[in-house]
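K.L.:
Pasting the sequence and the predicted coordinates here, then a few questions.
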Amino acid sequence: MKSGVRLPFIPIAVDYEYIPLSDGGLDVVCGVAKNLLTGEITRVWRDEMDRTPFFEFGHSAMLIAHNAQAEMEAHLAMGWAFPTNVYCTYAEHMNDTNEADIPMGSSARGGLLAALKCNGLEAREATEKKSVIERILAGPPYSDAEKIEILSYCQQDVDDAEALFWALFNRLSASNPHYLNQALLRGEYAKSLAKMTRTGLPINVPLHDAIVTNWDTVKGELISSVRHYGIFDNEGTFKYDRFATIVESLGASDIWPRTPSGQYSTKSSDFRRMTGIYPQMEEFRAVYEAVASTPKASPFPICSDGKIRLGRREFGNRRLGFSTDNTASVGFGAYRSKTGRNQPRAVEFLPASASWWRTLVTPPDGKAIGYFDFKSQEYGIAAYLSGDQYMIEDYLGGEVYIPLGIRSGLIPVGATKSTHGEFRDRVLKPVLLGLQYGRQSEGIASAIGGGNPATYRADLSLAQRIYQQHHTTHQVFWDWVAQVAQNAYLTGSIETRMGWRMLVGDPSTRVLENGRWQEYGTKPLTLMNWQMQATGADIIRLTCAALTTAGVEVICPVHDAILFLCDLSCREEVGNLVANIMERAALTILGARIPVDRQWVLPGDNWRPKKGDKMWAVVSKALEGNSALKGIK
């Protein structure tokens, strides 16, 4: 046995070779399984496979694979049940190397060969792997010699997964008695990802095609609609210096995330978070994301059944006659972010694109789409993790922004959302969100007065009062934030209750590279919000796993929300089940329920939110007269 820890399961390393199909399914070519305790190897071609897997997959066994989502998709394609226990070496490697100094770019670290190198294990040449993959994808018939070569290649992946498993398991379980249980929960998410890929996102294909084939016109109208920001030049080019001027005029320089080169970040997750604090930038963000993510016409990965499926870009491109070169995909991008959240590319993940794109999302006849969102999840997580009773009381009361205004003297006692809703959304909401991201008094003043020089002195005085009031009232929360950061810097890592971990470096670490000082430590602002974001990711993964087990057709998670499909006739019953599972997932991790908002999209309607209406009007103008617009609300 290669482990010093006794395994409660029989470890079986498995790999399949397959050909993706235009309907989003897989045509399984062959498979190899290896019992890691006995060394027994089973190699089978497709025509030798039966109605059940060719290896032990019940309660006594544990399937091991790199990027186990693919193996779970193969099980769906074969009509097989999922294995009871799944250990995904990709997920564990991404956790192990989160923010680590690794010998390759962070975007490439998830591959099997990269994972082997990171663990000091021998790896094949990437060119060798590529040539066999190309032959597999070319399809049958395969000669006897090719079958032997493909099975040997498949077995090599199994051998590599075995070596990687022992390297990860021996090291990570030695210091964490709960490690295997945590890893198996992440393995459950691999099953969910496979089912989500199979379910797909139903869309209005003719409308999608009209936008893509007229993209230059649409893009021009979108850029023209935000000329007043002064960030795009006359040629429609985004100018970073102008964007920086806007960010600084908002007083946001202290909290706006930056790139390694020091520029203000325009990454989707960062931009969306900042527009929650600075809503006046939302209109520009919507246009920027649409234009930046799709500088040229680029179809979403639509399969032959009219559904978007991540990882199938070649089918979406081929359908409209676009090039199938450079259609590489990260799929759902599971575990690619520091916090463990999915990080798919907006070019293929429609929910990450500008909100007007959601006009395309509509359920098939007889079906309904549910969009269930945790209410103010980040605030609730902060309240329960810190144990701040004032925050918990506000959260349980259903309103977290108005109390801040009352305590700070901005609005009278007895004020409500109905009496002071505009002030709540314009001032209190961005102020509170900013405080949770470390915003200082100067930034709060800009939010209150809109950056008006004539009122800045009075705004700053008020901001200092709000800042002090929040730190006084919520001292328990701020003490907890300081303790989390101190422990992270002392131990060199930070971790959630479910075992998602990030390595932490001294914030003063600076290295001179190419004449510039680069900061490589972990910034305090990163640690300030990490626990809330990473715990939120844990809750979403657990929710997806439980929903999959319950038979719910999950389409995908969307940050703190779940998008799912169900029969129209039983949507209330399914909706109650989904909401209950979401709240119980939060209860399991936090010890408290996080309530859920419900939204339904019914046949004939679409998923576009109200904030996307203005941009959709611009897109509609560009498509004026196109038959695809008929009946679109």
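P.N.:
That came in fine, so what should we check first?
K.L.:
Neighbouring strands of the helix or strand where Cys556 lies in the sheet, and parallel or not?
P.N.:
Assigned by DSSP states H and E, Cys556 falls within strand 553-558. Strand pairing for strand 553-558, using DSSP bridges, gives strand 561-567 (antiparallel).
K.L.:
List the buried residues for the helix or strand just after the partner strand?
P.N.:
Going down the chain from strand 561-567, the next helix or strand is helix 571-590, by DSSP H and E. Buried positions in helix 571-590, judged by neighbour count with 16 or more other CB atoms under 10 Å: 571, 574-575, 577-579, 581-583, 585-586, 589-590. No exception for glycine: its C-beta is placed from N, CA and C like everyone else's.
K.L.:
for those, which one is nearest Thr327?
P.N.:
Val578 (32.9 Å; CB to CB).
K.L.:
what's next to the strand holding Cys556, contact-wise?
P.N.:
Applying CB atoms under 8 Å, 6 or more residues apart in numbering, the contact partners of strand 553-558 are 192, 195-196, 199-201, 332, 342, 349, 351, 369, 371, 540, 543-544, 547-548, 562-566.
K.L.:
Sort out for me which of those are in helices.
P.N.:
Applying DSSP state H to the contacts of strand 553-558, the entries found in helices are 192, 195-196, 199, 540, 543-544, 547-548.
K.L.:
Rounded mean pLDDT for stretch 70-85, please.
P.N.:
For stretch 70-85, mean pLDDT is 97.
K.L.:
What of stretch 300-312?
P.N.:
Computed over stretch 300-312, the average pLDDT equals 93.
K.L.:
That one: how far from the chain's middle?
P.N.:
On the basis of CA atoms, centre = their mean, to the nearest Å, stretch 300-312 is displaced by 18 Å from the centre of the chain it belongs to.
K.L.:
Pull up the distance across it, start to finish.
P.N.:
By CA to CA, to the nearest Å, the extent of stretch 300-312 from end to end equals 9 Å.
K.L.:
circling back: could you save the buried residues of helix 571-590 as TSV and add columns showing pLDDT and distance to Lys429?
P.N.:
As requested, the buried residues of helix 571-590 are exported to TSV (pLDDT from 0 to 100; distance: CB to CB, whole Å):
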residue	pLDDT	distance to Lys429
Arg571	96	31
Val574	98	32
Gly575	98	27
Leu577	98	31
Val578	98	27
Ala579	98	24
Ile581	98	29
Met582	98	23
Glu583	98	24
Ala585	98	26
Ala586	97	22
Ile589	97	26
Leu590	96	23
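K.L.:
ok, so of the residues you listed, who is nearest Gly492?
P.N.:
Taking CB to CB as the measure, Gly492 lies nearest Ile589 of the buried residues of helix 571-590, at 23.9 Å.
K.L.:
shouldn't that closest one be in contact with Arg497?
P.N.:
Yes. The pair Ile589 and Arg497 passes the contact test of CB atoms under 8 Å, sitting 6.0 Å apart.
K.L.:
Tell me the residues that contact both of those two, please.
P.N.:
Joint contacts of Ile589 and Arg497 (CB under 8 Å, 6+ apart) are 535, 538.
K.L.:
Going along the chain, name the helices of the stretch 301-450 of the chain.
P.N.:
For the stretch 301-450 of the chain, helices defined by DSSP state H, counting those that start in this stretch occupy the ranges 313-319, 377-386, 389-396, 402-407, 417-423, 429-436, 441-449.
K.L.:
mean confidence score for the longest one?
P.N.:
The one in question is helix 377-386. Mean per-residue pLDDT for helix 377-386: 95.
K.L.:
And that helix, what does it pack against?
P.N.:
helix 389-396, helix 429-436, helix 475-491, helix 524-549, helix 571-590 (3 or more CB pairs under 8 Å, 6 or more residues apart in numbering; DSSP states H and E).
K.L.:
Give me the angle between it and strand 561-567.
P.N.:
Compare the direction of helix 377-386 with that of strand 561-567 by axes from the mean of the first three to the mean of the last three CA atoms, to 10 degrees and you get 120 degrees.
K.L.:
Dump the helices and strands packed on helix 377-386 into CSV; add distance to Thr237 as well.
P.N.:
Shown next, in CSV, are the helices and strands packed on helix 377-386 (distance: least, CB to CB, whole Å):
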stretch, distance to Thr237
helix 389-396, 44
helix 429-436, 29
helix 475-491, 39
helix 524-549, 30
helix 571-590, 43
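K.L.:
mean pLDDT lowest for which of those helices?
P.N.:
Among these, helix 429-436 scores lowest, with a mean of 81.
K.L.:
Figure out how far it is from the centre of its chain.
P.N.:
How far helix 429-436 lies from its chain's middle: 23 Å, per CA atoms, centre = their mean.
K.L.:
what kind of secondary structure is the closest residue to Tyr229 other than its chain neighbours in?
P.N.:
In space, and not counting its chain neighbours, Tyr229 is closest to Phe284: 4.9 Å by CB to CB, 6 or more residues apart in numbering. Following DSSP: H, G, I helix; E, B strand; the rest coil, Phe284 is assigned to helix.
K.L.:
Would you confirm that Phe284 contacts Arg227?
P.N.:
No. Counting by CB under 8 Å, Phe284 stays clear of Arg227, with 10.4 Å between them.
K.L.:
what about the helices in the stretch 51-200 of the chain?
P.N.:
Along the stretch 51-200 of the chain, the segments classed as helices by DSSP H, counting those that start in this stretch run 68-78, 89-96, 112-118, 126-138, 144-174, 179-199.
K.L.:
So, low pLDDT: which residues of the stretch 51-200 of the chain?
P.N.:
For the stretch 51-200 of the chain, the stretches with pLDDT under 70 are 105-107, 126-128.
K.L.:
if we can go back for a sec, and Phe284 and Arg227? which has more neighbours close in?
P.N.:
Set Phe284 next to Arg227 and count neighbours by other CB atoms under 10 Å: Phe284 wins out with 19 against 11.
K.L.:
wait, what's in contact with that one?
P.N.:
Contacts of Phe284 were listed using CB under 8 Å, 6+ apart, and they are 226, 229, 231.
K.L.:
Show me which of those is closest to Asn95.
P.N.:
Checking the contacts of Phe284 against Asn95 with CB to CB, the nearest one is Ile231 at 37.6 Å.
K.L.:
Using the three-state scheme, assign the nearest residue to that closest one once chain neighbours are set aside.
P.N.:
Setting aside the residues directly before and after it, Ile231 is nearest to Arg242 in space (CB to CB, 6+ apart), at 4.7 Å. What three-state DSSP gives for Arg242 is helix.
K.L.:
how much space between Arg242 and Glu248?
P.N.:
Separation of Arg242 from Glu248 (CB to CB, to the nearest Å): 11 Å.
K.L.:
Also Gly111?
P.N.:
Counting by CB to CB - Gly111 and Glu248 are separated by 39 Å.
K.L.:
Of these two, which one has the most company?
P.N.:
Higher neighbour count among Gly111 and Glu248: Gly111, with 17 against 14, using other CB under 10 Å.
K.L.:
okay, which residue of this protein is out on the far edge from center?
P.N.:
Asp144 (42.6 Å; CA atoms, centre = their mean).
K.L.:
then stretch 473-480 to CSV, C-alphas only?
P.N.:
Taking C-alpha atoms only, stretch 473-480 is exported to CSV below (Å, rounded to 0.1, in the frame of the first residue of the first chain):
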residue,chain,number,x,y,z
THR,A,473,-21.4,49.0,16.3
HIS,A,474,-19.8,46.1,14.5
GLN,A,475,-16.6,45.8,16.5
VAL,A,476,-17.1,42.0,16.8
PHE,A,477,-17.1,41.8,13.0
TRP,A,478,-14.0,44.0,12.6
ASP,A,479,-12.1,42.1,15.3
TRP,A,480,-12.9,38.9,13.5
